[in-house]
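Visitor: here are the coordinates; sequence isn't available:
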């Protein structure tokens, strides 16, 4: 009886594992399909609510329009000031966050001691948990007056101030993902580089960074998505001026700030309401294109490294 029980145990385990693998595979497939369905549902929802504005005003007229006077007798709905303002804030944020974030990730991954690495990761996680409104208040109290004095401007509420704070907000994302990508580089590559006579910095520059480039690029793209979609900080620091800016040292209006600032004051179902959904649709399309370009670049890098 005991001998007969062994085959049942030995055949039962593989069967259980196959069943578990089947359940996990189906759950992963369901999650992927659900993500696609949710993305499509968001697109349809934005498109349906923006349909009136597209029909009455015209999508191209809104995108290329330079005047934003939604409450005047003859309203104007020009997205161009908000689009350019969002791009200026994003550009400043990237200039601030990418060099600092990648450099910090290199230090944590390659040069820091174990104790320093643990403390640094804890600080980065805490930075990610700080509410955006707190950073906005810090910017109002410290950054805005400093920029006004140092740059000799009439006001410190500019795209430059908003971009700096948004860059600070993007830092935890860029640092964490970049550090994970560098940490995933096999240790044999580092050992081989050092054995060939390269210094630690040369190893980082010639081996680790190229090997982790896809992950670093993904981190930067996520930082871009965070910057271009940030609402509270830009609403507090950008100045919300409806002009087409040619420099970051002026007050600007951004798309997320416009939507957040005006959505609560419009009549639901009205033209202004529909125009704000059209602006959200344009913002959604911009972030989708950025992510699509990032995926294409990452795939090209993967193909190059497989050769």
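Guide: It's in. Just so we're clear, the structure is a prediction, and the values are computed from it rather than from any experiment. Residues are numbered from 1 along each chain as shown.
Visitor: residue 203 against residue 190, yeah?
Guide: Yes: counting by C-beta atoms under 8 Å, residue 203 does reach residue 190; the two are 5.6 Å apart. Every residue, glycine included, has its C-beta placed from N, CA and C.
Visitor: now do the helices in the stretch 201-307 of the chain.
Guide: 209-211, 213-229, 232-237, 255-262, 271-306 (DSSP state H, counting those that start in this stretch).
Visitor: nearest to residue 73, of these?
Guide: Proximity to residue 73, assessed across the helices of the stretch 201-307 of the chain by C-beta to C-beta, is greatest for helix 271-306 (13.3 Å).
Visitor: now that closest one, how far from the chain's geometric center?
Guide: 11 Å (C-alpha atoms, centre = their mean, to the nearest Å).
Visitor: what do you get for stretch 228-244?
Guide: Mean C-alpha position of stretch 228-244 versus that of the full chain (C-alpha atoms, centre = their mean) differs by 16 Å.
Visitor: that one - what's its average pLDDT?
Guide: For stretch 228-244, mean pLDDT is 85.
Visitor: want to try a markdown table for the helices of the stretch 201-307 of the chain, with mean neighbour count as columns?
Guide: What follows is the helices of the stretch 201-307 of the chain, written out as a markdown table (neighbours: other C-beta atoms under 10 Å):
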| stretch | mean neighbour count |
| --- | --- |
| helix 209-211 | 17 |
| helix 213-229 | 21 |
| helix 232-237 | 26 |
| helix 255-262 | 20 |
| helix 271-306 | 16 |
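Visitor: relative to residue 179, which of the ones you listed is closest?
Guide: Across the helices of the stretch 201-307 of the chain, residue 179 has its closest neighbour in helix 213-229 (8.9 Å, C-beta to C-beta).
Visitor: list the contacts of that closest one.
Guide: With C-beta atoms under 8 Å, 6 or more residues apart in numbering as the test, helix 213-229 has contacts from 86-87, 89-90, 93-94, 97-98, 101-102, 105, 163, 166-167, 169-170, 173-178, 180-182, 184, 209, 256, 283, 286-287, 290-291, 294, 297-298, 301-302, 305.
Visitor: now with 6 Å?
Guide: 86, 90, 93, 97-98, 166, 170, 173-174, 177-178, 181, 256, 287, 290, 294, 298, 301 (C-beta atoms under 6 Å, 6 or more residues apart in numbering).
Visitor: nearest to residue 140, out of the helices of the stretch 201-307 of the chain?
Guide: For the helices of the stretch 201-307 of the chain, proximity to residue 140 was assessed by C-beta to C-beta; helix 232-237 is nearest, at 6.2 Å.
Visitor: and the pLDDT at the residue lying closest to residue 231 once chain neighbours are set aside?
Guide: Closest residue to residue 231 apart from its sequence neighbours, by C-beta to C-beta, 6 or more residues apart in numbering: residue 256 at 4.1 Å. We note a pLDDT of 89 for residue 256 in this prediction.
Visitor: spit out the contact partners of residue 242.
Guide: 68, 81, 253.
Visitor: again, 8 Å this time
Guide: Neighbouring residues of residue 242 by C-beta under 8 Å, 6+ apart: 67-68, 81, 253.
Visitor: most surrounded residue in those residues?
Guide: residue 253 (26 neighbours; other C-beta atoms under 10 Å).
Visitor: please list all residues in contact with the residue nearest to residue 231.
Guide: Residue 256 sits next to 86, 228-231, 234-235, 283 when contact means C-beta under 8 Å, 6+ apart.
Visitor: mind running it again at 10 Å?
Guide: Each residue near residue 256 by C-beta atoms under 10 Å, 6 or more residues apart in numbering is listed here: 82, 86, 89, 228-235, 279-280, 283.
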